[in-house]
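**Student:** this one's structure only:
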């Protein structure tokens, strides 16, 4: 591992986890320590309810922002009032650092992708113990109660008057948080406070919340994480998984093998060809991990509990669609035909694919009649297919394989050169 120069080590203490260190050298400041350039005032709770509209609300908050936020001794200072300090730019996958110093009885936080929040509060304030204040700062406090990450793993706050240091990594909705070099949230999914039925937005601004107590912020820096690096970080060490594709040939695969080829370490459906290529190991419950890349207009699918013949969309448990959602020719599809959907049965959330031509990371979990699809760190489908009404399936088509207790995993080609690589399975 490359060592940091001494002056950078002193400025940014190294954050090392069992998985990966922060790339501290590549962080870029988003607060210049001199003025409010790059920031504006926006309390999203106020803005979303404004009767006069978003733009008028932001204009009003601009004056309040200047009145309550300033720069003192190189730090961004707030007197406890006014709108939140908000980045002009929106961010997706990031590594983010910020130091803060606050006062007794404070209650604040950091909004990621415009969404609350990484919690900051007084862990000694007994009046707030009922809300979890005694557990410390750093948790995703607005997560559902039954979701990991709501409470920090350890108490890591420093005494009042001292600076605390956050280091945050967010990939899709998956979030890691270190407070004062201690891991307090470990890859938890961050819930969408604004609409819990919808995943966290793919991009959004960062808000530094003001909530009644004085607070100062400094060392505010960020690094946007490219797709290939995000894929590797999301995948981790693949512990417990077994590779089912060797990267060089189709050994162990059956079905429409003549219609597929291996190109640069990836399984590719030949252009103009199709059919289902499946791995010879029959599965019941499992987790599949893979990367895929679609060409413009690309269409393929993942065969789930496929019996070995026929159309997996109907005689398999399902076909999970693999599609270029942005293609104009697909603009008017049924919602259950877009990427990640259980084809014809249950629609997946859209807007979480990487640009066409880039590799995406996807994880699929199949347990009994349930199926979950996580794309680039965001859960886009989580459904119990047995609870769906067959009368409402697309085109009223029956899916006789839905109740298959086992079957094969594979790829359902539809004539486009869609690529798959790093395919591995963990049996449950």
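**Tutor:** Nice, I can see it. Just so it is clear, the model here is predicted, and its values are computed rather than measured.

**Student:** can you pull out the helices in the stretch 201-350 of the chain?
**Tutor:** 227-235, 312-315 (DSSP state H, counting those that start in this stretch).

**Student:** Quickly compare these and say which is most buried.
**Tutor:** helix 312-315 (a mean of 22; mean count of other Cβ atoms under 10 Å). In this view, the C-beta of every residue, glycine as well, is placed from N, C-alpha and C.

**Student:** Mind listing residues that contact it?
**Tutor:** 276, 301, 303-304, 306-307, 309, 318-319, 343-344, 397-401, 410, 412 (Cβ atoms under 8 Å, 6 or more residues apart in numbering).

**Student:** Write the PyMOL selection for whichever of those residues are buried.
**Tutor:** The PyMOL selection below is limited to those of the contacts of helix 312-315 classed as buried (16 or more other Cβ atoms under 10 Å):
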select buried, resi 276+301+303+304+306+307+318+319+343+344+399+401+410+412
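
**Student:** Which of the contacts of helix 312-315 fall in strands?
**Tutor:** The strands, defined by DSSP state E, take in 276, 301, 303-304, 306, 318-319, 410, 412 from the contacts of helix 312-315.

**Student:** what's around residue 369, how many residues?
**Tutor:** The tally of other residues near residue 369 (other Cβ atoms under 10 Å) stands at 16.

**Student:** Now do the same contact list for the closest residue to it other than its chain neighbours.
**Tutor:** Residue nearest to residue 369 in three dimensions, not counting chain neighbours: residue 386, with 3.7 Å by Cβ to Cβ, 6 or more residues apart in numbering. Counting by Cβ under 8 Å, 6+ apart, residue 386 makes contact with 368-369, 402-403.

**Student:** looking at these, which has the most residues close by?
**Tutor:** Counting by other Cβ under 10 Å, top hit in those: residue 402 with 20 neighbours.

**Student:** Let's see the pLDDT reported for residue 2.
**Tutor:** At residue 2, the model reports a pLDDT of 37.

**Student:** now swap in residue 205 and tell me
**Tutor:** On pLDDT, residue 205 comes in at 98.

**Student:** That one: how many residues sit nearby?
**Tutor:** Neighbour tally, residue 205, other Cβ under 10 Å: 21.

**Student:** OK, contacts around the residue positioned nearest the centre of the chain?
**Tutor:** Nearest residue to the geometric centre of the chain (Cα atoms, centre = their mean): residue 172, 1.6 Å. Residues counted as contacts of residue 172 (Cβ under 8 Å, 6+ apart) are 93, 200, 202, 230, 234, 352, 374-378.

**Student:** Not counting sequence-adjacent ones, nearest residue to it?
**Tutor:** residue 377 (2.2 Å).

**Student:** Number of residues surrounding the one you found?
**Tutor:** 26.

**Student:** so who does it touch?
**Tutor:** Contacts for residue 377 (Cβ under 8 Å, 6+ apart) come out as 93, 171-174, 230, 234, 361.

**Student:** Farthest-apart pair in those, please.
**Tutor:** 173 and 361 (13.3 Å; Cβ to Cβ).

**Student:** rewinding a little: can I get the helices of the stretch 201-350 of the chain in TSV with mean pLDDT?
**Tutor:** Formatted as TSV, these follow (pLDDT from 0 to 100):
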stretch	mean pLDDT
helix 227-235	97
helix 312-315	96
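
**Student:** quick one on the thing from earlier: would you mind giving the contacts of residue 172 as a markdown table with distance to residue 100 and secondary structure added?
**Tutor:** Formatted as a markdown table, the contacts of residue 172 follow (distance: Cβ to Cβ, whole Å; DSSP: H, G, I helix; E, B strand; the rest coil):
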| residue | distance to residue 100 | secondary structure |
| --- | --- | --- |
| 93 | 23 | coil |
| 200 | 22 | coil |
| 202 | 26 | coil |
| 230 | 26 | helix |
| 234 | 28 | helix |
| 352 | 30 | coil |
| 374 | 31 | strand |
| 375 | 33 | strand |
| 376 | 29 | coil |
| 377 | 26 | coil |
| 378 | 27 | strand |
